[in-house]
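Asker: Dropping a prediction and its sequence here:
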Amino acid sequence: MDNSLSGYIDAIVYTQAENGFTVARLKEPRKKELTVIVGYLPSLQPGETVICKGQWKIHPTHGRQFEVTDYTVDMPNDVVGIQKYLESGLVKGIGPVFAQKIVEKFGVNTLTVIDQTPRKLLEIPGLGMKKLESLIECWRAQSTIREVMIFLRAHGASPAYAQRIYKTYGDKSIEKVKENPYKLSKDIFGIGFKIADQIALKLGFALHSEKRISAGIEFVLWELSNDGHTCYPKKDLIPAAKEALEVDEQLIEDGIATLISQDFLVNKEEMIWLKPFYAYEMGIAWDLRKLIQHPQVIRQIDAVKAADWAEEKMGIQFAAQQKEAVMRALTDKVHIITGGPGTGKSTITNAILRVAEKLTNKIFLAAPTGRAAKRMTQITRRKAFTIHSLLEMDFTNNGFKRGKENPLDCDFIIIDEASMIDTSLLFHLLRAIPKGARVLLVGDIDQLPSVGPGTVLRDVIQSGVIPVTKLTEIFRQAKGSKIITNAHKINQGEFPSIMTTPDSDFHFIEAESPEAIQQVILQLVNTEIPQKWHFDRIDEIQVLSPMKKGIIGTELLNDTLQSLLNPSTQPLFRAGRKFHLHDKVMQIRNNYDKGISNGDIGRIEAIHMEEQTLQVNFDGKLVDFLFHDLDELVLAYATSVHKYQGSECPCIVIPIHTSHFKLLHRNLLYTAVTRGKKQVYLVGTKKAIAIAIHNDQVQKRYTGLESAIKSL
């Protein structure tokens, strides 16, 4: 039989982002001891009053606790609860100081005063008109958000999305959700089709409604784009959509036909594209052809003499392949240089730049990520931009200011880490490059493909339309590095050399179970590596794991590393995540308003409870986040190999175990190892290394770019 209890939330002890599972301390009236409550309680905040139903349980480690099966949230109704509620940062502009002053003045009537006669708050010393207006606006928004929360909970969805829905739809939030809940999956970050579908079905939408089937098909295609596909075979799309929608295949066929007729999808040779991806691929093909065919504005020179001059100026002698790359890049309108670590890509880039600077001052250097651009700046001693900043974000339409009508003012552009460029970004970049400019793409074709959809560098190379120089010879100074020699062994399908000396830069530590691997990693990061190599435990050591889940997945590793490396007595719980001051965090989506990209890593510099903002330092750039935007941030003590592409760290630690079987690919291990600048530690089993090395099947991505280039 269910018991019930009520009180206000004194503190949140733990909350899980994925499902809202929460451990909290409840202050019951007339009881000194706090009660531990556990259950699925998403978005609960300190100070809120809850009425819980559930059962008492004895936890083997944590003792007696109340397991919540159902609950309702209400405004606090006693002075301590009201003060706690206002202090929690839910109402922007009221922190601990003003919360205390307001409660001292108005007591149990505080919330009624704020709600009905807020001008009375002007009686509080230091609370002026500007702060009052902000407070009223925030309180009004909170009232609507609370209504949305109640509505979402009643319809089986997490209240955690309420603030995002309000931010997008405003006061008409509930009305718009009722009208077409499937739009949530397009409009609200974090809400997929499954959540929208849950709400829709509770609202009475039929399983076979046209809106549902159209939304489901588009959802499946967007999910497939998250796996890297820009298009998908119709014969495979239908069963995938059937699984998601649980309706007859004929209804899905009809839905696809409808979406094609409405110009949302494109069907070509039984491959289906979402319209934007088809437009991107055709646009890339068209612009590449135009670039190649258009005369270049840089005057032609004797490439052999230019390469000899660069050798003399730089005091080096090129290998045959490298000299060829320099000469081709100084001659071809568009050229691609690809090669692994230690093959001299940076040296070649510098040489090409030296010569080009004698021919024009209109040169741009760019890379897909902030860290890659920073490294390019260090190597060339010339300012390099991220591609996004080069194209200049246009916040009014979430696009770029640079394009066909407003091209970049350049004669020559060099793009580094080109394997990381996805379909959308290459489309926008090519649109902004003047047709007379020379273009050089530099990258490592054997790395993992871009995080975003497509395999653009591989597709462009395989089209045979753009000339390519592939560097294979390792420079002699790189041969002394086990990281580089082992990276090349892995790339060629050979087992790396794991018999290492104490002063080696590559280490393998054998550990059989995931639990043992985790313990080794914690010890390495916390004590052994900092003591031996004097690296900073947070900024100069990066754990890279192939998976999110499990004991050695990024989520659990982040929790344990956060507690070990950066403990806090005052954590911030928001968006189902726990943040500490000075935490290492990663941005997980492109945010053009803030000028930061998916995969950017920073440190939390400040948490302002009163202003409901958190400030992150991304490589010297300070970025403010409102609390309800914090689902864009995750902890980054451990991160996925994919997300860390284009970045480097002095020391990389990689768990490798057969439990990661599905993700053990040669290019994943190769990419992970090549992220380490000075030290790499592999922790796990030889069997897992062998599986990864022998699995050279690059995960298939369906794209149409190669054939689009060939067809023009």
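Answerer: Okay, I see it.

Asker: Run through who's touching stretch 531-548.
Answerer: For stretch 531-548, the external contacting residues (Cβ atoms under 8 Å, 6 or more residues apart in numbering) are 521, 525-526, 529-530, 552-555, 557, 561, 565-566, 582, 584, 603, 637-641, 644, 647, 649-656, 660, 663-664, 668, 672, 675, 678-679. From N, CA and C alone the C-beta is placed, and that goes for glycine too.

Asker: Show me which of those residues are buried.
Answerer: Taking 16 or more other Cβ atoms under 10 Å as the criterion, what is buried in the contacts of stretch 531-548 is 521, 525, 529-530, 552-555, 557, 561, 565-566, 584, 603, 637-641, 644, 647, 649-656, 660, 663-664, 668, 672, 675, 679.

Asker: Let me see the ranges of the helices in the stretch 401-550 of the chain.
Answerer: Per DSSP state H, counting those that start in this stretch, the stretch 401-550 of the chain carries helices over the ranges 423-432, 456-463, 482-491, 514-523, 529-533.

Asker: and the shortest one, how far from the chain's centre?
Answerer: This means helix 529-533. Helix 529-533 sits 29 Å away from the centroid of its parent chain (Cα atoms, centre = their mean, to the nearest Å).

Asker: which residue is nearest the middle of this structure?
Answerer: Here the mean C-alpha position of the chain is nearest to the C-alpha of I588 (Cα atoms, centre = their mean), at a distance of 2.0 Å.

Asker: looking at it, that one is touching N598, isn't it?
Answerer: Yes. Counting by Cβ atoms under 8 Å, I588 does reach N598; the two are 6.1 Å apart.

Asker: which residues do those two both contact?
Answerer: K643.

Asker: Show me what the longest helix seen in the chain is packed against.
Answerer: Counting by DSSP state H, the longest helix found in the chain is helix 129-154. Using 3 or more Cβ pairs under 8 Å, 6 or more residues apart in numbering; DSSP states H and E, the elements in contact with helix 129-154 are helix 110-116, helix 162-169, helix 173-179.

Asker: Repeat the analysis, applying 10 Å as the threshold.
Answerer: If you count contacts as 3 or more Cβ pairs under 10 Å, 6 or more residues apart in numbering; DSSP states H and E, helix 129-154 packs onto strand 63-74, helix 96-106, helix 110-116, helix 162-169, helix 173-179, helix 193-202.

Asker: Could I get the average pLDDT for the fourth one?
Answerer: Same thing as helix 162-169. For helix 162-169, mean pLDDT is 81.

Asker: Poorly predicted segments of this structure, please.
Answerer: Low-confidence segments of the chain (pLDDT under 70): 1-2, 17-19, 43, 88-90, 93, 158-160, 395, 476-479, 575-576.

Asker: residues contacting the nearest residue to E147 once chain neighbours are set aside?
Answerer: Excluding its sequence neighbours, the residue lying closest to E147 (Cβ to Cβ, 6 or more residues apart in numbering) is I174, at 6.5 Å. Contacts for I174 (Cβ atoms under 10 Å, 6 or more residues apart in numbering) come out as T144, E147, V148, I150, F151, L152, I165, Y166.

Asker: residues near the closest residue to P434 other than its chain neighbours, how many?
Answerer: Once flanking residues are discounted, P434 sits nearest to P407: 4.6 Å by Cβ to Cβ, 6+ apart. Applying other Cβ atoms under 10 Å, we find 15 residues neighbouring P407.

Asker: how deep is the closest residue to Q587 other than its chain neighbours tucked in, by neighbour count?
Answerer: Leaving out its chain neighbours, the residue that sits closest to Q587 by Cβ to Cβ, 6+ apart is D600, at 4.5 Å. By other Cβ under 10 Å, 26 other residues sit near D600.

Asker: T369 is in contact with D600, correct?
Answerer: Yes. Counting by Cβ atoms under 10 Å, D600 sits close enough to T369 to count as a contact (7.0 Å).

Asker: Can you pull the residues that touch both of these two?
Answerer: With Cβ under 10 Å, 6+ apart, D600 and T369 have common neighbours T386, S647.

Asker: so when I look at F385, I'm seeing a strand, right?
Answerer: Yes. Counting by DSSP: H, G, I helix; E, B strand; the rest coil, F385 is part of a strand.

Asker: Now do the same contact list for it.
Answerer: For F385, the contact set (Cβ under 10 Å, 6+ apart) comprises F364, L365, A366, A367, G370, A373, M376, T377, L391, E392.

Asker: Tell me how far stretch 336-350 lies from the chain's centre.
Answerer: Here stretch 336-350 is found 27 Å from its chain centre; the criterion is Cα atoms, centre = their mean.

Asker: what separates L135 from A99, distance-wise?
Answerer: According to Cβ to Cβ, to the nearest Å, L135 stands 11 Å off from A99.

Asker: The two: which is more packed in?
Answerer: A99 (23 against 20).

Asker: any idea how far the more buried one lies from G370?
Answerer: Going from A99 to G370 by Cβ to Cβ gives 38 Å.

Asker: I188 now?
Answerer: I188 sits 27 Å away from G370 when distances are taken as Cβ to Cβ.

Asker: Over to Q55?
Answerer: In this view, Q55 and G370 are 50 Å apart by Cβ to Cβ.

Asker: neighbour count winner among these two?
Answerer: Taking other Cβ under 10 Å, Q55 and G370 do not tie; G370 has more neighbours (26 against 11).

Asker: wait, doesn't the more buried one sit right on M586?
Answerer: No. Using Cβ under 10 Å as the test, G370 is too far from M586 to be in contact (11.9 Å).

Asker: list the residues that contact both of the two?
Answerer: G599, D600, I601, G602, F618, S647.

Asker: what's across from the third one in the sheet?
Answerer: When assigned by DSSP bridges, I601 has beta-bridge partners M586.

Asker: what residues are up against it?
Answerer: When contacts are counted by Cβ under 10 Å, 6+ apart, I601 touches 369-371, 539, 542, 584-587, 616, 618-619, 636, 639, 643-644, 647, 649.

Asker: So which of these are in strands?
Answerer: Judged by DSSP state E, those include Q542, K584, V585, M586, Q587, V616, F618, T639, C649 as members of strands.

Asker: now those as TSV including distance to H62?
Answerer: Formatted as TSV, the ones in strands among the contacts of I601 follow (distance: Cβ to Cβ, whole Å):
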residue	distance to H62
Q542	33
K584	28
V585	28
M586	31
Q587	34
V616	33
F618	37
T639	30
C649	36
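
Asker: This completes my enquiry, with thanks.
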